[in-house]
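S.K.: Build the 3D model from these lines:
(2 chains)
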Amino acid sequence: MLRATLRSFLAHKGRLLLSALAVVLSVAFVAGSLIFSDTVSRTFDRLFASTAADVTVAPKQDLRSPVRTGAVQTVPAALARRVAQVPGVAATQVDATVENVVVVDRRNEPVGPTTGAPTIARNWEVTGRSPVELTSGHAPHGDGEALLDADTARHKHVRIGDVLTVQAQPGTFRVRVVGIATFTTTNPGAALLFLDTPTAQTKLLGSTSRATSISVDAAAGVTDDQLKQRVAAAVGTGAYDVKTAGEQAKSAAASLGEFLKIIKYVMVGFAGIAVLVGIFLIVNTFSMLIAQRTRELGLLRALGADRRQVRRSVLTEAVLLGVVASTLGLAAGIGLAAGLIRLLGVFGMNLRTTEMVIGWVTPAAAYVVGVGVTFVAAYLPARRAAAVSPMAALVDAEVAGVGRPLRVRAVVGAAVGAAGAAALAGCAAASRTATAASLLGVGVVLTLIATVVAGPLLVRPLIRVLGGAFPAVFGAVGRMSQRNALRNPRRTGATAAALMVGLALVGGMSVASASMSRSFDNQIDKTLGADYIVQNRSFLPFPQEITETVRHTPGAGTVVRQRLAAIAVRLPDGKRVETAASGFDRQLDAVAHITYRAGNTAAALADGHLSMDVDFARRHGVRLGSVLPAEFQGGRRGELTVAALTDQDQAEGFGLQGGLYLGIGTLEKYVPGTEDAAVFVNAAPGTSAGQLRSRLERNLVPYPNVQVRDQADYKKLVHDQIAVLLYLVYALLGLAIVIAVLGVVNTLALSVVERTREIGLLRAIGLGRRQLRRMIRLESVVIAVFGAVLGLGLGLVWGVCIQRVLALQGMTALAIPWGTIVAVVIGSAVVGIVAALLPALRASRMNVLAAIAHE
Amino acid sequence: MSTPVPVPGRASSGGIAARARGLTKAYGSGETAVLALDAVDVDIARGRFTAVMGPSGSGKSTLMHCLAGLDTVSAGRVWIGDTEITGLRDRELTRLRRDRIGFMFQSFNLIPTLNALENITLPMDIAGRGPDAAWLDQVIDTLGLRNRLTHRPSELSGGQQQRVACARALASRPELIFADEPTGNLDSRAGLEVLGFLRDAVDNLGQTVVMVTHDPGAAAHSDLVLYLADGRIVDEREHPTAEAVLERMRLFAGGATRAAGPSLGTPLRGGDGTAVGEA
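M.R.: Numbering: from 1, shown residues only, chains lettered A, B, ... in the order given. As a prediction, the model looks like this:
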């Protein structure tokens, strides 16, 4: 029996190849993401562990800000001397490191990375922990000298002797590059600029009495933990975080982990899509193989093989396929990981592919996914194979799978579909985001299952309509292709399902993103009253002198600054909410249109006052005049009086719940040193907006990291950011389509083989080769479009529900991107044509007489 | 067009529907070549019902396939009407089959996804032509298919399916109908019915029919029987009766698998794989 299984596996290897490809792809993504994240985290763990001091004393981090505020938290530099006296301390060192500087060269081109990685300026100290070593030039001494890292110097063509301008919070200063430092560890992608310690303290932190942290070396025989306890006892933990090297490395790795997690999720998304779509392909392939082999299986049964043996034979074939495909997938995964690591190099992170980490989990996961998926997908077809009666060998049976009733599918599909529809209806009606989101998830999964299960039932009605014009347009060829697509609804349904899954995803996401764009547009139209907004390209806060430049530009009228700060408010209902608050200048009304339910801008921005979104206030029992205890980043506390309630659409977006804003004066009192996050400018009377823009842009030339944007630019910016999400979805779609095309090719190829005699007859009575190819192409197109219509229909429903969830977050506009939808339908027809190329060619090459005589 | 040498099946009147000269079909090449047809000369008379008989392996199906433009020839020339079809390209051959020839096969004659009427008009639909309505009605009524037009093949009996195939062959009023064992899969009653229709098509509708069969009873419905053995036409008989045909076939019986009837008393070319026949 095993020999028969092996023979049959080898005999059908061509057919199995397509299914194997789907498995290979999903295993490759699983293995690739595991290898990649293992490699990256191992590299960075090492980097952080080797560069962290035995113990570090840093300012207390009590509020994790959801936004970058620009405020640099410091400890007194004098703390180093106090710590040095703690028993067990060998040495202490003052650190002055800031991540939000902008470095530009003589031509005002930014020297730092443009990929979002930080430009870090820090003090130069030669220790065993430094990630770099001086490779040319000399160490910086005094004002005006700096070292630059070698990678940045090479990329931006900076040489020793070049003068760079550094824009830091205390002010802009110039430095001459006196040396180049080269990474001895993995370059994490940042640009590094080193100054001597006093210069770093003055120019970056504003004073030599400040430091961003104190590094402590342990004396021989003192462990990090012991040292940490002693230092903590000496300095107190009320204002400082005291961490060992291990803890420091862990928290550094955790913040990098966020970035890795995103890549991991993306890869898992790809793997998931590949698995999901691959399952359809495998089920379909095995079903068709078994349908074709009905007589052979009947013969085996007649010769005495029992059901278990037949089933086991099919499943063994599946496991063989799984093992082969998993092995290939694992190899492809290693390649994928190498590619991703290389891609990181483009972003400035130079990992060596030779340091690739392949843990035991990777192959285990690869084989579990690959073999598991194949086994599960082949299980139903295997059972069907076992059910073949010995009589099948003797009777010239029509190909199986045509006549079996779809009653079970109808019942299951209707039940699951009803549950899914109920969940989606519940989602649309829900008033709390959490409820709506979980109902959405349940509804999406259930409706997807229902559509897959009931797909074959929808084949007849839908394809009658979709292919309805075929007989009229393409005559007999059109009629036959439409009928062929209707011939085996199970097969058509399963083939189209692969395409459906991907397109449902795209449909849903494109509705969601179009709705988001529309909502933001409405919001911008409604609230933004300024002629221009000056902002950093990456939304980072910027130094005061940029604001001053804007203010002193001729023709600039009202200038309103916006600053951000992390805040935690204790609300009357007992909840403590951590969020961010915006601080504005008092002329806010000149640049923004705010709808107040109570109070006004003047009241809201007055000292010690605060404005809040009316819905948020109502939920937490806040009323006009409520006094709220508030904590700020950096540890200051105070009480704020609610002086205005606003009606904001996007009160809850981006984790900034509450829609809190207050006067810049109030903000500065509690969080000194925040930088401006945005500056709103109106043209002064007598100056046209266009004139103002060109003057602003001219004056801001030395600051390449900020941009002047009007409403249209601002909308475009928002659209571009949403588009990033869409590109990801399109990439997923691309993968799903590749696999779906394989499925369509598979189905058509098998259908062509099954219909050999029919094709022979058609050719004999005068069907031309081109007509035959067209017939197969049209069948393929109608199957693909069927999948697209089903998927987009489902996706539209999902999209509308996603929009309901977004509406709870204030994004109330619903937009359906009809252009995209029409394009996808047309695209799916093209997919159908492409998928039909080979099967059609094969059919048209058939020898007429051989085809007629075919058994 | 006429040749001085008498040719089997030569038309007595009404012209020639199909013609072959030196028609040779070999499978394989060199030493192992098998001659399925060995320089066959034949004329198919227009307006007549010609039967081609012979034991299995005699080349009768190959002859039909070559005459109908379904198969390529190794040597020789074939004409349908005045059109030489040897040397035509696939597209022209396809068009010729579609427009000028009707086909009936032993089994699997109909497209399962199309109903009876759609099957009948299929060649014209493929050509993008509308059928001649009056003629179509006449064919449908003659074959008694009026009540079955909307049925799918799976809803028809074997005899009804062959009648639909017959109707399809007639519907486009082809110059020539080729029927390859049209009664092979039918019980005798249904077989007789189909033969009756073919006879009718010749007598009353003026069609030309070439039927390949190994059944003497079926051949007896024809106007002329051509006997094929080992790739050559070895005999012919006008207005045959079943008994006469059976009698003639018995002559092959002795060496039916390989040799022609010894009773012909003609020299034989022997040897494995080489066609043997009358000079």
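S.K.: Would you mind listing where the stretch 401-550 of chain A has pLDDT under the threshold?
M.R.: A:401-405 (pLDDT under 70).
S.K.: cutoff 80 now
M.R.: Scanning the stretch 401-550 of chain A with the threshold set as pLDDT under 80 gives A:401-406, A:431, A:433, A:537-539.
S.K.: quick one: the helices in it?
M.R.: Assigned helices in the stretch 401-550 of chain A, in chain order: A:407-429, A:433-466, A:470-487, A:489-527, A:544-551 (criterion: DSSP state H, counting those that start in this stretch).
S.K.: Report all helices and strands that the very next helix or strand once past the shortest one contacts.
M.R.: Pointing back at helix A:544-551 there. The first helix or strand that comes after helix A:544-551 along the chain, using DSSP states H and E, is strand A:556-570. Helices and strands touching strand A:556-570, by 3 or more Cβ pairs under 8 Å, 6 or more residues apart in numbering or on different chains; DSSP states H and E, are helix A:544-551, strand A:576-584, helix A:588-591, strand A:627-632, helix A:664-670, strand A:676-683, helix A:689-699. For the C-beta atoms, the positions are set from N, CA and C on the backbone; glycine is no exception.
S.K.: Can you give the strand pairings for strand A:556-570, parallel or anti for each?
M.R.: Note on strand A:556-570: by DSSP bridges, its sheet partners are strand A:576-584 (antiparallel), strand A:627-632 (antiparallel), strand A:676-683 (antiparallel).
S.K.: Buried residues of the last one, list them for me.
M.R.: Within strand A:676-683, the residues that count as buried by 16 or more other Cβ atoms under 10 Å in any protein chain shown are A:676, A:677, A:678, A:679, A:680, A:681, A:682, A:683.
S.K.: same thing with the shortest one?
M.R.: Counting neighbours by 16+ other Cβ under 10 Å, one finds that the buried residues in strand A:627-632 are A:628, A:630, A:631, A:632.
S.K.: Need the contact partners of that strand.
M.R.: A:62-63, A:565-572, A:610, A:622, A:637-642, A:670-671 (Cβ atoms under 8 Å, 6 or more residues apart in numbering or on different chains).
S.K.: Give me the distance between the nearest residue to residue A:379 once chain neighbours are set aside and residue A:285.
M.R.: The spatially closest residue to residue A:379, leaving aside those adjacent along the chain, is residue A:315, at 7.1 Å (Cβ to Cβ, 6 or more residues apart in numbering or on different chains). As judged by Cβ to Cβ, to the nearest Å, residue A:315 and residue A:285 stand 14 Å apart.
S.K.: Among the two, which residue is more densely surrounded?
M.R.: residue A:285 (29 against 21; other Cβ atoms under 10 Å in any protein chain shown).
S.K.: before we move on, what SS does the more buried one have?
M.R.: helix (DSSP: H, G, I helix; E, B strand; the rest coil).
S.K.: What ranges in the stretch 251-400 of chain A fall below the confidence cut-off?
M.R.: For the stretch 251-400 of chain A, the ranges with pLDDT under 80 are A:251-271, A:273-274, A:276-278, A:280-281, A:284-285, A:288-305, A:343-357, A:388-400.
S.K.: Now do the helices in it.
M.R.: Under DSSP H, counting those that start in this stretch, the stretch 251-400 of chain A gives helices at A:294-302, A:307-346, A:361-386.
S.K.: what's the angle from the last one to helix A:294-302?
M.R.: In other words, helix A:361-386. Interaxial angle, helix A:361-386 versus helix A:294-302 (axes from the mean of the first three to the mean of the last three Cα atoms, to 10 degrees): 80 degrees.
S.K.: Could you list the buried residues of helix A:361-386?
M.R.: Those buried within helix A:361-386 under the rule 16+ other Cβ under 10 Å are A:362-363, A:365-367, A:369-371, A:373-375, A:377-379, A:381-382, A:384-386.
S.K.: now swap in the longest one and tell me
M.R.: By 16+ other Cβ under 10 Å, the buried positions in helix A:307-346 come out as A:309-322, A:324-330, A:332-334, A:336-338, A:340-341, A:344.
S.K.: Can you dump the C-alpha atoms of stretch B:184-191 in PDB for me?
M.R.: What follows is stretch B:184-191 as a C-alpha-only set of coordinates in PDB (Å, rounded to 0.1, in the frame of the first residue of the first chain):
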ATOM      1  CA  GLY B 184     -22.400   0.800 -31.900                       C
ATOM      2  CA  ASN B 185     -23.700   1.800 -28.400                       C
ATOM      3  CA  LEU B 186     -27.400   1.300 -29.100                       C
ATOM      4  CA  ASP B 187     -29.800  -1.600 -28.600                       C
ATOM      5  CA  SER B 188     -31.100  -3.000 -31.900                       C
ATOM      6  CA  ARG B 189     -34.400  -1.000 -31.900                       C
ATOM      7  CA  ALA B 190     -32.800   2.300 -31.300                       C
ATOM      8  CA  GLY B 191     -30.000   1.400 -33.800                       C
END
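S.K.: in it, what counts as buried?
M.R.: Under 16+ other Cβ under 10 Å, the buried positions of stretch B:184-191 are B:184, B:185, B:186, B:190, B:191.
S.K.: Off-centre distance for it?
M.R.: Its chain's C-alpha centre and that of stretch B:184-191 lie 17 Å apart, by Cα atoms, centre = their mean, to the nearest Å.
S.K.: who touches that stretch?
M.R.: By Cβ under 8 Å, 6+ apart, stretch B:184-191 touches B:106, B:107, B:157, B:158, B:159, B:162, B:183, B:194, B:213, B:215, B:217, B:218.
S.K.: mean confidence score for that stretch?
M.R.: Across stretch B:184-191, pLDDT averages out at 84.
S.K.: give the contact list for the closest residue to chain B within chain A.
M.R.: In chain A, the residue that lies nearest chain B is residue A:766 (2.3 Å; Cβ to the nearest Cβ). By Cβ under 8 Å, 6+ apart, the residues touching residue A:766 are B:94, B:95, B:97, B:98, B:99, B:123, B:126, B:127.
S.K.: run the last query once more with 10 Å
M.R.: B:93-103, B:122-124, B:126-127, B:172 (Cβ atoms under 10 Å, 6 or more residues apart in numbering or on different chains).
S.K.: Compute the number of surrounding residues for residue A:389.
M.R.: With other Cβ under 10 Å as criterion, residue A:389 counts 14.
S.K.: now do residue A:791
M.R.: 31.
S.K.: is chain B contacted by the strand or helix carrying it?
M.R.: According to DSSP H and E, residue A:791 maps onto helix A:769-808. Yes - counting by Cβ under 10 Å from any Cβ of the partner chain, chain B is contacted by helix A:769-808 at A:769, A:770, A:771, A:772, A:775.
S.K.: Now the buried members of those residues.
M.R.: Buried among the residues of helix A:769-808 next to chain B by 16+ other Cβ under 10 Å: A:769, A:771, A:772, A:775.
S.K.: circling back to that earlier point, tell me which of the helices and strands packed on strand A:556-570 sits most buried.
M.R.: Neighbour counts (mean count of other Cβ atoms under 10 Å in any protein chain shown) averaged over each of the helices and strands packed on strand A:556-570 peak at strand A:676-683, with a mean of 24.
S.K.: residue contacts, the residue nearest to residue A:828 when sequence neighbours are not counted?
M.R.: Leaving out its chain neighbours, the residue that sits closest to residue A:828 by Cβ to Cβ, 6+ apart is residue A:788, at 3.5 Å. Shown in contact with residue A:788 (Cβ under 10 Å, 6+ apart): A:466, A:496, A:499-500, A:502-504, A:506-507, A:740, A:795, A:821, A:824-829, A:831-832.
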